[in-house]
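K.L.:
pasting the sequence and the predicted model now:
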2 protein chains.
Amino acid sequence: MTTAHGNRQVLLRSRSAGIPQASDFEMRTMPVPAPAPGHMLVRNRFVAAEPAMRGWINDETSYWPPVAIGDTMRSFAVGEVVVSHADGFAVGDRVTGMFGWQDYAVVAPDGIDRRLEPDEPDSAALGVLGLNGLTAYFGMLDICRPARGETVLVSSAAGAVGSAAAQIAALHGARVVGIAGSADKRARCIDEFGCAAAIDYRAEDVGEALGRLCPDGIDAYFDNVSGPISDAALRHLRPFARIAVCGTAAITDWNPWPEGPRVERHLLVKRATMRGFLAADFAPRFAEGLEMLRAWVADGRLRYREQVLAGLDRAPESIAMLYRGDNDGKLVIRV
Amino acid sequence: MTTAHGNRQVLLRSRSAGIPQASDFEMRTMPVPAPAPGHMLVRNRFVAAEPAMRGWINDETSYWPPVAIGDTMRSFAVGEVVVSHADGFAVGDRVTGMFGWQDYAVVAPDGIDRRLEPDEPDSAALGVLGLNGLTAYFGMLDICRPARGETVLVSSAAGAVGSAAAQIAALHGARVVGIAGSADKRARCIDEFGCAAAIDYRAEDVGEALGRLCPDGIDAYFDNVSGPISDAALRHLRPFARIAVCGTAAITDWNPWPEGPRVERHLLVKRATMRGFLAADFAPRFAEGLEMLRAWVADGRLRYREQVLAGLDRAPESIAMLYRGDNDGKLVIRV
């Protein structure tokens, strides 16, 4: 190992209203820390860019406390153990956890989410074999619960979570309709991600397209976006529809709190269920989910795309890229 | 029996935007019909007034087709069999079903919801021992699922459904907070309907009151109203909260469709579930529900109020009374 170049860290400098921009971060270089007894030093190989980072940054009530100004940006990462004073972990182990946007992290064993399997690519643990895949797995199978022949709608269906959700629904016999934000992504929903049909919401009237593509209505909706796309989806529910509320990517800002068409009457008339969830709520079943996801990836039934940004210095711009839809698959940063 | 005075019927004459008014109905008197073989003639004793009637009347997509102009108004009723050509039904049987706002109805056996028990008062079958009670029972126990010590919020808690829902939650060990529309109703929530605390939404700031009365948040919300009361409730959810969407009494009109604060972020951050339901969805379990409701009423643990309007000619004004909150308990019409 070499630590001569120090530990570069991407720090949160300011909070924008809305989407965090590159200018909200700054880099500094600190000495590489020495792990205390019981801890290990992990050198990051890949760190992640997630839509959820907006929530981790903004000073709002969320499921995690906001990242403090001056702190290293919170991030999932995959790295290699380069020093270990921790029982059960050896130099060379590949591990994943919340190691942050930095070169090195000192981690205790309880900060390790899991050790990668030998045949597993580094970066998949940040996407389809990480929380993105698990989010899709539990949201689709536990909340949307697609039955054979049902119609399942997925928004952001070319994204890291949506593309897995769409394929998992298709694997369970549902007819899947995807919504994505470009002609290329629309095509990819059909060609790669198991959708029977797809909608380019930037080019099409979503309500009209849903009426045409889901003439009998929508049995389940995996919602990554909120906003006008979801408003249209709710007008096409079938009785006893299930809506998994996974993300709100279409809402730029929750301050002031945005309004939209009231949902109560849709839910009442269609006896529908709308449920928000986090993959973390299913943590006791992660092993089950990962086993299924790995098997589907291994036999080619679960495809994923990722786009790699080269270098930690690209991290600050990554969140805004996601919200512009400029990414092509799961966005990861090679450290 | 006497049929000399004919069969008075309350017909739907017009559809108001919003709440149906007395002027939307007219009465006519027709000959008392003669039941065909296999049918019976029922003389109504009580007919009902329900908030849901607004939905039955308005020309909107709903769970039932709208009542046609010129048709007898659809209504639950309790009556006595006065002529029977139907196997299993005898003159003198008290029965309940959708017999309409009229003196007499010809009914087939499959139009009978149930026969009343000998010790059962006529009118309870239209309220606490009818769909109102069943709505409260299944909405509270299957959707809100109150656990001992949890905080359960009920809107329209002095109403026919809400008062039963509040008591059922309290019977299951929850701390119940009611919302009602007058000082008297507020007091009744506490004195009669099992609430630990209650809010008069016409006199108090509901959001402030919820912060004070539910400092740790709301575990379950039985929602009869939608609108600003529900918007406030959603800002006070606890993680994994359950919301049973039972009615939308605070929304005067769905055309144009009203807007309100978006719910997705509440549901996501709190991992909450919002589910619309109809008692009818639980029809296979009505016997179970009625058995429990009858037992609780019999031993005094489930109280109910009803207000009786004397005479079928009062029926046309009854729906508007409900929406003004002028009723004192379940509103029924003695035929």
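P.N.:
Arrived safely, thanks for sending. Numbers count the residues shown, from 1 in each chain, chains lettered A, B, ... in the order given.

K.L.:
quick check, A:A169 in a helix?
P.N.:
Yes: per DSSP: H, G, I helix; E, B strand; the rest coil, A:A169 lies within a helix segment.

K.L.:
wait, it sits on A:M140?
P.N.:
Yes: A:A169 sits in contact with A:M140 when judged by Cβ atoms under 8 Å, with a separation of 5.5 Å. The way it works is simple: take the backbone N, C-alpha and C, and place the C-beta from them, glycine included.

K.L.:
grab the nearest non-local neighbour of A:R43.
P.N.:
Spatially, and ignoring its direct neighbours in sequence, A:R43 is nearest to A:V82 (4.8 Å; Cβ to Cβ, 6 or more residues apart in numbering or on different chains).

K.L.:
please apply the same query to A:G194.
P.N.:
In space, A:G194 is closest to A:A170, 3.3 Å off (Cβ to Cβ, 6+ apart).

K.L.:
quick one: that neighbour from A:V177, how far?
P.N.:
For A:A170, the distance to A:V177 equals 11 Å [Cβ to Cβ, to the nearest Å].

K.L.:
can you list residues touching both of those two?
P.N.:
In terms of Cβ atoms under 8 Å, 6 or more residues apart in numbering or on different chains, A:A170 and A:V177 are both contacted by the residues A:195-196.

K.L.:
counting neighbours, go ahead and name the busier of these two.
P.N.:
Remark: of A:A170 and A:V177, A:V177 carries more neighbours, 28 against 20, as counted by other Cβ atoms under 10 Å in any protein chain shown.

K.L.:
in three-state terms, label the more buried one for me.
P.N.:
Under three-state DSSP, the three-state class of A:V177 is strand.

K.L.:
was I right about it contacting A:L213?
P.N.:
Yes: with contact defined as Cβ under 8 Å, A:V177 reaches A:L213; the gap is 5.3 Å.

K.L.:
shared neighbours, the two?
P.N.:
A:197, A:199.

K.L.:
who's in contact with the residue nearest to A:V225 when sequence neighbours are not counted?
P.N.:
Nearest in space to A:V225, with sequence neighbours left out and distances taken as Cβ to Cβ, 6+ apart, is A:A250 at 4.1 Å. A:A250 sits next to A:225-230 when contact means Cβ under 8 Å, 6+ apart.

K.L.:
read off the pLDDT value for the residue lying closest to A:L12 once chain neighbours are set aside.
P.N.:
Excluding the flanking residues, the one nearest A:L12 by Cβ to Cβ, 6+ apart is A:V67, at 5.0 Å. On the pLDDT scale, A:V67 is placed at 94.

K.L.:
mind checking how far the residue nearest to A:G194 is from B:A244?
P.N.:
A:A170 is 32 Å from B:A244, by Cβ to Cβ.

K.L.:
before we move on, what about A:S155?
P.N.:
From A:S155 to B:A244 the distance is 26 Å (Cβ to Cβ).

K.L.:
got any residues that touch both of A:A169 and A:M140?
P.N.:
A:146, A:152, A:222.

K.L.:
one step back: shouldn't the residue nearest to A:G194 be in contact with A:A197?
P.N.:
No: between A:A170 and A:A197 there is no contact under Cβ under 8 Å: 11.8 Å.

K.L.:
show the backbone phi and psi for A:A203.
P.N.:
Main-chain dihedrals, A:A203, degrees, to the nearest 10: phi -110, psi -20.

K.L.:
ok, now which ones touch it?
P.N.:
Applying Cβ under 8 Å, 6+ apart, we find A:A203 in contact with A:A183.

K.L.:
A:D231 against A:G260, yeah?
P.N.:
Yes: using Cβ under 8 Å, A:D231 makes contact with A:G260 at a distance of 5.7 Å.

K.L.:
and the gap between the residue nearest the centre of chain A and chain B?
P.N.:
Central residue of chain A (Cα atoms, centre = their mean): A:N132, 4.1 Å from the mean position. Computed as Cβ to the nearest Cβ, to the nearest Å, the A:N132 to chain B distance reads 16 Å.

K.L.:
what's that residue in contact with, if anything?
P.N.:
Residues near A:N132 by Cβ under 8 Å, 6+ apart: A:126, A:160-161, A:164, A:330.

K.L.:
ok, now A:F193?
P.N.:
Going by Cβ under 8 Å, 6+ apart, A:F193 touches A:157-158, A:162-163, A:166-167, A:178, A:303.

K.L.:
do that again at 6 Å, thanks
P.N.:
When contacts are counted by Cβ atoms under 6 Å, 6 or more residues apart in numbering or on different chains, A:F193 touches A:163, A:166-167.

K.L.:
would you mind giving the secondary structure of the closest residue in space to it that isn't next to it in sequence?
P.N.:
Excluding its sequence neighbours, the residue lying closest to A:F193 (Cβ to Cβ, 6+ apart) is A:S163, at 4.4 Å. Following three-state DSSP, we place A:S163 in the helix state.

K.L.:
report pLDDT for A:S163.
P.N.:
98.

K.L.:
picking that back up, looking at the shared contacts of A:A169 and A:M140, spot the one nearest chain B.
P.N.:
Distance to chain B across those (Cβ to the nearest Cβ) is lowest for A:F222, with 12.9 Å.

K.L.:
give me the residues contacting the strand or helix carrying the closest one.
P.N.:
Using DSSP states H and E, the element containing A:F222 is strand A:218-223. If you take Cβ under 6 Å, 6+ apart as the criterion, strand A:218-223 is touched by A:139-140, A:144, A:146, A:150-155, A:165, A:230, A:233, A:236-238, A:241-245.

K.L.:
now, those residues that are in strands?
P.N.:
The strands, defined by DSSP state E, take in A:151-155, A:237-238, A:241-245 from the contacts of strand A:218-223.

K.L.:
ok, and of these, which contact chain B?
P.N.:
Counting by Cβ under 6 Å from any Cβ of the partner chain, the subset of those that neighbours chain B consists of A:V245.

K.L.:
of the ones in strands among the contacts of strand A:218-223 - the most surrounded one?
P.N.:
A:V154 (39 neighbours).

K.L.:
and that one, what does it touch?
P.N.:
The contact partners of A:V154, taken as Cβ under 6 Å, 6+ apart, are A:162, A:165-166, A:178, A:222.

K.L.:
which of the residues you listed sits closest to chain B?
P.N.:
A:F222 (12.9 Å).

K.L.:
wait, is the residue nearest to the centre of chain A part of a helix?
P.N.:
Yes: when three-state DSSP is applied, A:N132 is found to be in a helix.

K.L.:
from B:F193, how far off is it?
P.N.:
To B:F193, A:N132 is 47 Å away according to Cβ to Cβ.

K.L.:
correct me, but A:A272 touches A:P239?
P.N.:
No: using Cβ atoms under 6 Å, A:A272 is not in contact with A:P239, being 7.7 Å away.

K.L.:
the stretch 201-335 of chain A against chain B: which residues are in contact?
P.N.:
A:226, A:245, A:248, A:254, A:257-265, A:267-269, A:271-277, A:281.

K.L.:
burial count for the closest residue to A:G111 other than its chain neighbours?
P.N.:
Spatial nearest neighbour of A:G111, excluding adjacent residues (Cβ to Cβ, 6+ apart): A:G97 at 5.1 Å. When counting by other Cβ under 10 Å, one arrives at 20 neighbours for A:G97.

K.L.:
so A:I319 touches A:M53, yeah?
P.N.:
Yes: the pair A:I319 / A:M53 is scored as a contact, 5.1 Å apart, by Cβ under 6 Å.

K.L.:
which one's more surrounded, the two?
P.N.:
A:I319 (26 against 22).

K.L.:
same for the helix or strand that that one is a member of, what does it pack against?
P.N.:
Counting by DSSP H and E, the element that carries A:I319 is helix A:315-324. Applying 3 or more Cβ pairs under 6 Å, 6 or more residues apart in numbering or on different chains; DSSP states H and E, one finds that helix A:315-324 makes contact with strand A:330-334.

K.L.:
quick check: mean pLDDT across the strand it packs on?
P.N.:
Strand A:330-334 shows a mean pLDDT of 95.

K.L.:
what lines up beside that strand in the sheet?
P.N.:
Strand A:330-334 has the following sheet partners, assigned by DSSP bridges: strand A:40-48 (antiparallel), strand A:306-310 (parallel).
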